[in-house]
Structure formats: structure tokens, C-alpha cells
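Participant: predicted model follows, preceded by the sequence.
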Amino acid sequence: MTSATPAERRQRMHALPPLRESDADAIHRFLDALWAETGAARNTLDGYRRDLEGVARWRDGAGGGLAALDRGALFDYLSLRAREGYSARSNARLLSALRSFFAHLRRRGLREDDPVALVEPPRLPRSLPKALGEAQVAALLAAPEVDTPEGLRDRAMLELMYACGLRVSELVQLPATAVNLRQGVLRVTGKGGRDRLVPLGEEAQHWLERYLDQARPLLAGKRTVPALFLTAAGEPPSRQQFWATVKRCAAVAGIDPARISPHGLRHSFATHLLNHGADLRALQMLLGHSSLSTTQIYTLVAREKLRQLHATHHPRG
């Protein structure tokens, strides 16, 4: 059977019955508890909500709804997703959401067993982050036309993302109060609501000062807006809007779009720091990783680059 396209999957979801009130309440209680206990990021909570609501709407209250899901029904749902071509990463997140949901029900005494307990998560391929070369980053940062408010904003956003290693969501959600130009630092609220201070660097500070002085007042107009970066409508840009900006600037810089990812500048920030001798623990703090093992993947990027250089240039490579 041919896999369904993303558009066909969305069409199938729209055709499902609306979410029952009992399932909506159970999911809401679970997500509230998860946020209170772990400080899970908004993106994680939204992803879990979509996954759980998808299962609940598929069941449409059958056999007691989502809270009464058994292993047989779970395998039926996973088989459906396999036929429709959902990725291993998407299915892994679904199982993670269900595992957390049923653990929550067991803690509240609403369920004795866990239908996900013996289900093996899909094996995910280990993909290395795609980092740009330093010359490519320089070309990308220089791409915006800085003689317009929007272009000056784009330059400041790109410079700040690369200088501070920000996630896209962190960048677009920055409040103006996060910037301390006198001390040259940025206060970033990352995953789980954890704050970190990151040095701005001279170049990023220069462009940020120009943006704040010359562009932001024009974009804000008479509105009082807490966000640091604003669109022409005086609103903070979305992740999708910034992604479109990166793609556009990549084309101007002559960079293959396949070499650019939503977190490309963050990956480049980490890889370039390591290449220039940065300490892994310091890099962990700058990136806002809760675990050092997450940061260590960048050492693999650096090793892979060295291997490629050796293979290309060594006479016996």
C-alpha cells in the first residue's frame, strides 16, 4: 500500500470525529501535571497534545476512550500509521506521549497497567547536525539589505542567533528586556523555563544596537510591544517567517538550501566554538542543554570534519 502524503494525513485527521469532552479533560489534566512536574517546553506539550488527541479521536470513545486504550488497539493504531508512512521519529514521540500519559494515570490510581510498557520504540537513525563553514556563515550574515528596517532586523536576528547559539523558538520569542547592552549579555529562557546568560559578542552587539536605534522604533510605530524583534505589522515574527528569511538569505549567499536547517546557525555556533578549542562544559551552558550527552554530538561533527579533511588531503587518505 502506498504511503499517504502529509496532505492526505491532514485530510484524514479533519474527517475524524471531534474530541470527546472526557478525553479532552484527561489530556488537559495530564499536560498540566507534566508541565508542573517537569517544566516541559511548550513545543513538547503541544506535540504531546496533538498525538494524544489523534489517538483519542481515532478511538472516538470506544471502550472507555483514551484512558482505557489496550495493547491491541494501540497496535492497530500503530499499524495504521505505518501504512500511512509516518516517520520513526514521529512514532517515537507518540509512544513517549502515551507512555507519559499512562504513567500519569497509574500515579493517580486510574489505571493499573500500561499498554505501552512492552512496546519497543522505533530505532532512530543518529543524524549529525548540519553546520555551515565559517565563510558560508559570513556570507549568510551579510545577505540582508540593511538599508530597510526589515533588512536591518534580519541582519540583527541572524547575527544574534549565530553569536549566541539560540534555538529558533528562543530567538523569535525574545523580549526586549532580555538584552543588556551595557554588560554585553543576553538573558535567554530555554527549554523547561531555564534561564541562561550568553555573551553577545562585538559584532552581534553592533547590529543589535543599530536595529534598536534605527529599525525597531519604525516597526513598532506607536505600539508598545514587549517583543525584541518585530515584523512590519508590529508583531513578533513566527518561526516559519524566520525560516523563510534564512532560506532567502541562503539563496543570496549562494548556499545550497539542503545545507541549511532551522537550527543551522545554532549548529554552526557550537561546531565552530569546538573547532576553536571551546570547553564542552562551557558549550553545554551556552547552548542551554540539560545533559552533557546532548552537547557531545557536536564533538562527532568536529571529528567527521577532520576525517573528511584527512581523506581529501592526505596522500594516503
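Facilitator: The structure has been received and is ready for your questions. All of these numbers come straight from a predicted model, not from anything done at the bench. Residues are numbered from 1 along each chain as shown.
Participant: so what's the nearest residue to residue 204 once chain neighbours are set aside up against?
Facilitator: Distances taken as Cβ to Cβ, 6 or more residues apart in numbering put residue 163 closest to residue 204, at 3.5 Å, once the chain neighbours are dropped. In this view, the C-beta of every residue, glycine as well, is placed from N, C-alpha and C. Each residue near residue 163 by Cβ atoms under 8 Å, 6 or more residues apart in numbering is listed here: 199-201, 203-204, 269.
Participant: ok, of the residues you listed, which one's closest to residue 100?
Facilitator: For the contacts of residue 163, the closest approach to residue 100 (Cβ to Cβ) belongs to residue 269, at 31.1 Å.
Participant: need the three-state assignment for the closest residue to residue 60 other than its chain neighbours.
Facilitator: Counting by Cβ to Cβ, 6+ apart, the nearest residue to residue 60 once its immediate chain neighbours are dropped is residue 17, at 4.6 Å. Of the three states, residue 17 takes coil under DSSP: H, G, I helix; E, B strand; the rest coil.
Participant: state the distance from the residue nearest to residue 204 to residue 91.
Facilitator: Distance from residue 163 to residue 91, counting by Cβ to Cβ, to the nearest Å: 37 Å.
Participant: ok, residue 207 next?
Facilitator: 42 Å.
Participant: and these two? which has more neighbours close in?
Facilitator: residue 207 (23 against 17; other Cβ atoms under 10 Å).
Participant: which residues touch that one?
Facilitator: Counting by Cβ under 8 Å, 6+ apart, residue 207 has contacts 152, 155-156, 159-160.
Participant: out of the residues you listed, give me the one that has the most neighbours.
Facilitator: Counting by other Cβ under 10 Å, top hit in those: residue 160 with 27 neighbours.
Participant: okay, that one: pLDDT?
Facilitator: Residue 160 carries a pLDDT value of 94.
Participant: where does this structure have its least confident helix or strand?
Facilitator: helix 297-313 (a mean of 58; mean pLDDT, DSSP states H and E).
Participant: next one, pLDDT for the residue nearest to residue 242 when sequence neighbours are not counted please.
Facilitator: Distances taken as Cβ to Cβ, 6+ apart put residue 172 closest to residue 242, at 5.7 Å, once the chain neighbours are dropped. Note on residue 172: pLDDT of 93.
Participant: start the count at 602, not 1, going forward
Facilitator: Let's use 602 as the start, then, which means that last one is residue 773.
Participant: residue 773 contacts residue 836, correct?
Facilitator: No - applying Cβ atoms under 8 Å as the test, residue 773 and residue 836 come out as separate, 10.4 Å apart.
Participant: more crowded one of these two?
Facilitator: residue 773 (21 against 15).
Participant: and the gap between the more buried one and residue 760?
Facilitator: 15 Å.
Participant: same deal with residue 685?
Facilitator: 42 Å.
Participant: ok, now residue 803?
Facilitator: Distance from residue 803 to residue 760, by Cβ to Cβ: 10 Å.
Participant: on that earlier part again, buried ones among the contacts of residue 764?
Facilitator: 801-802, 805, 870 (16 or more other Cβ atoms under 10 Å).
Participant: identify the farthest-apart pair in those residues.
Facilitator: So, those by Cβ to Cβ: farthest apart are 801 and 870, at 12.7 Å.
Participant: tell me, what's touching those two both at once?
Facilitator: Joint contacts of residue 801 and residue 870 (Cβ under 8 Å, 6+ apart) are 764-765.
Participant: ok, residue 657 to residue 635 distance?
Facilitator: Note on residue 657: its distance to residue 635, by Cβ to Cβ, is 16 Å.
Participant: higher neighbour count, the two?
Facilitator: Looking at residue 657 and residue 635 with other Cβ under 10 Å, you find the greater number of neighbours at residue 657, namely 23 against 19.
Participant: all strands of this structure, in order?
Facilitator: Using DSSP state E, the strands of the chain run over 780-781, 786-790, 796-800.
Participant: pull the longest helix from this structure.
Facilitator: Longest helix in the chain, counting residues (DSSP state H): helix 689-708.
Participant: what lies in contact with that helix?
Facilitator: 627-628, 630-631, 634-635, 648-649, 652-653, 655-656, 667-668, 670, 675, 679, 682-683, 712-713, 715-717, 720, 722-726.
Participant: before we move on, what about stretch 641-651?
Facilitator: 628, 632, 635-636, 694, 697-698, 701-702, 770, 792-793.
Participant: phi, psi for residue 732 please.
Facilitator: Main-chain torsions, residue 732, degrees, to the nearest 10: phi -110, psi 140.
Participant: thought it was touching residue 866?
Facilitator: No - taking contacts as Cβ under 8 Å, residue 732 lies outside contact range of residue 866: 9.1 Å.
Participant: give the buried residues for stretch 850-857.
Facilitator: Buried-residue list, stretch 850-857, by 16+ other Cβ under 10 Å: 850-851, 854, 856.
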